[in-house]
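Chemist: Predicted coordinates and the sequence they were generated for:
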Amino acid sequence: MVQIIKATSEQEPIIPLGFPILVDNNMELLTPFNRYLQYKCVTRGKVNSMDTMNAYSFILLDINQFFEDNNIQWNEVLTEELADYRNRMVQSLSPHTKRPYSDRTVNAYIRLATNCFNWLYENNYLISNPIKTEKALKKHRIKSFLEHVAPAVEQEVNVLTLKETKRPIKALNDMELRLLRNQIINSVSSHKNRDLLMHDTVVTTGVRALELCGLSVNGLLKGGNRVQVHYGMKKMMITITKGRSPRNVYLLEPLYKQLLDYVHIDREKVLLKARLLSSRKGVEFPEPKELFLGENGKGIDRKYFGVIIKNYAKEVGIYGVGPHCLRHTFAIVMYKILQNFGVKNPWKVIQVLLGHKSLSTTLDVYLDSVDVDEIEISESLEHLYNSVLLGNYNG
């Protein structure tokens, strides 16, 4: 069985700590695929997120496991066999979500396989290339507001990819947002204040779950450079990001003060309890750096935060809600607010706030969704957020 191990130390040539490495059932390195992964993630210097590296390695593992299960030699694979791999995905459920693979996910796997086998062929690991293309008229994608008028041109297209239907993003409307927030406020959980602060931080800053859970007490205390605007915000540098590139987030001043109160009261109670328990066991308690803590005194990870939000949402009959849904809600509502404020390029502002590396990423995610969501999100949501931005933040 093919498996993934992690690099346990910095290795040459430039393999970072924790980098995924593919091995077979005899723990022999799958050298060609590892060299491709190193080229894709490290040599080119365009992949900074360890999550992305892990995702790429899992796709390569899945492909190689398919080869092993079907007695296919990777260096003799045929186009038809790669098509069988694609069809298996189409007809099966994802082991992670327990739902059918979306066309987009299938194509993501196929595109990485395509890129990998093209690289293997160009670097003399293969005698023949199993990746085939054909000519077809296709709209030239322009990541801008003029995309809808882009002309169709003849292009080489991959015969293995599926035709995608882009799914709309999931963002909460006014009623759903109020229901979710009120459910947290009225919860009997002893951690409802922490949960509300985590919810509000994402909804008013758009940070990813990874970034939220990576917020530190020192960052909060040392940050907080005030932005001189009429509603008052605190600028804080975050270092744990998807691309590992530090960036600023902007906390509403009332929220910032509530986070400080959490640090000195609720968080300290959790630490006192955890220290006492460790003392009774005769072990030293490692002081956590994370801002948001669980009952055990350790930092909350993004998966647990996802479970927290999902459970609160389910209690009020809202399904399919996770941390990224809150991030989408922030982006869509912020777009409306920026438009009403007369900002000339709202998408550029949103790109910076969301931490997207390029504007094209922001447009690709949100441009097709904003018109639909603007209709669905009522005027009361706009008033809600304007009141938050003006500092009227009383929970």
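Modeler: Nice, I can see it.

Chemist: Domains in the chain, by residue range?
Modeler: Using automatic domain parsing, the domain parsing of the chain gives 3-131, 174-389.

Chemist: Ok, which of these comes nearest Arg167?
Modeler: With CB to CB as the measure, domain 3-131 is the member of the domains of the chain nearest Arg167 (6.9 Å). The C-beta positions use only the backbone N, C-alpha and C, and glycine is treated the same way.

Chemist: Now the closest one: average pLDDT?
Modeler: Averaged across domain 3-131, pLDDT comes to 89.

Chemist: low-confidence ranges in the stretch 201-350 of the chain?
Modeler: Where the stretch 201-350 of the chain drops to pLDDT under 70, the residues are 223-232.

Chemist: on that earlier part again, packed most tightly, which of the domains of the chain would that be?
Modeler: Mean neighbour count (mean count of other CB atoms under 10 Å) peaks for domain 174-389 among the domains of the chain, with a mean of 17.

Chemist: Might you calculate how far that domain sits from the centre of the chain?
Modeler: Centroid separation between domain 174-389 and its chain, computed with CA atoms, centre = their mean, to the nearest Å, is 14 Å.

Chemist: neighbouring contacts of the helix or strand harbouring Ile350?
Modeler: Using DSSP states H and E, Ile350 falls within helix 346-354. Under the criterion CB atoms under 8 Å, 6 or more residues apart in numbering, residues 205-206, 249-250, 327, 330-331, 334-335, 338-339, 343, 358-359, 361-363, 366-367 lie in contact with helix 346-354.

Chemist: What sits closest to Ser92 if chain neighbours are left out?
Modeler: Among residues not flanking Ser92 along the chain, Tyr101 sits closest, at 7.3 Å (CB to CB, 6 or more residues apart in numbering).

Chemist: Would you mind measuring from that neighbour to Met233?
Modeler: Distance of Tyr101 to Met233, computed by CB to CB, to the nearest Å: 41 Å.

Chemist: a markdown table for the domains of the chain, including distance to Glu156?
Modeler: Listed next are these as a markdown table, based on distance: least, CB to CB, whole Å:
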| stretch | distance to Glu156 |
| --- | --- |
| domain 3-131 | 11 |
| domain 174-389 | 21 |
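
Chemist: Which SSE is immediately downstream of the helix holding Ile350?
Modeler: Following helix 346-354 toward the C-terminus (DSSP H and E): helix 359-366.

Chemist: just checking, what packs against that next one?
Modeler: helix 323-340, helix 346-354 (3 or more CB pairs under 8 Å, 6 or more residues apart in numbering; DSSP states H and E).

Chemist: Quick one: closest of these to Lys46.
Modeler: That would be helix 346-354 among the helices and strands packed on helix 359-366, by CB to CB, at 17.7 Å.

Chemist: sorry, back to before: the inter-axis angle of the helix holding Ile350 versus helix 323-340?
Modeler: 140 degrees (axes from the mean of the first three to the mean of the last three CA atoms, to 10 degrees).

Chemist: angle of helix 346-354 against helix 359-366?
Modeler: Going by the same axes, to 10 degrees, helix 346-354 makes 100 degrees with helix 359-366.

Chemist: ok, the residue nearest to Ile63 when sequence neighbours are not counted to Arg35 distance?
Modeler: In this structure, Ile63 finds its nearest non-sequential neighbour in Ala113, 5.6 Å apart by CB to CB, 6+ apart. Counting by CB to CB, the gap from Ala113 to Arg35 is 16 Å.

Chemist: what residues are up against Asp24?
Modeler: Contacts of Asp24 by CB under 8 Å, 6+ apart are 2, 30, 68.

Chemist: Can you tell me which of those residues end up in helices?
Modeler: Glu68 (DSSP state H).

Chemist: could you dump the contacts of Asp24 to a markdown table with distance to Leu212?
Modeler: Formatted as a markdown table, these follow (distance: CB to CB, whole Å):
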| residue | distance to Leu212 |
| --- | --- |
| Val2 | 34 |
| Leu30 | 36 |
| Glu68 | 39 |
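
Chemist: contact partners of stretch 101-110?
Modeler: Contacts of stretch 101-110 (CB under 8 Å, 6+ apart): 59, 62-63, 82, 86, 89-90, 92-94, 158, 160-167.

Chemist: Could you rerun that using 10 Å?
Modeler: If you take CB atoms under 10 Å, 6 or more residues apart in numbering as the criterion, stretch 101-110 is touched by 55-56, 58-60, 62-63, 82-83, 85-94, 97, 100, 114, 131, 158, 160-167.

Chemist: can you give me how far that stretch is from the chain middle?
Modeler: Distance, centroid of stretch 101-110 to centroid of chain: 17 Å (CA atoms, centre = their mean).
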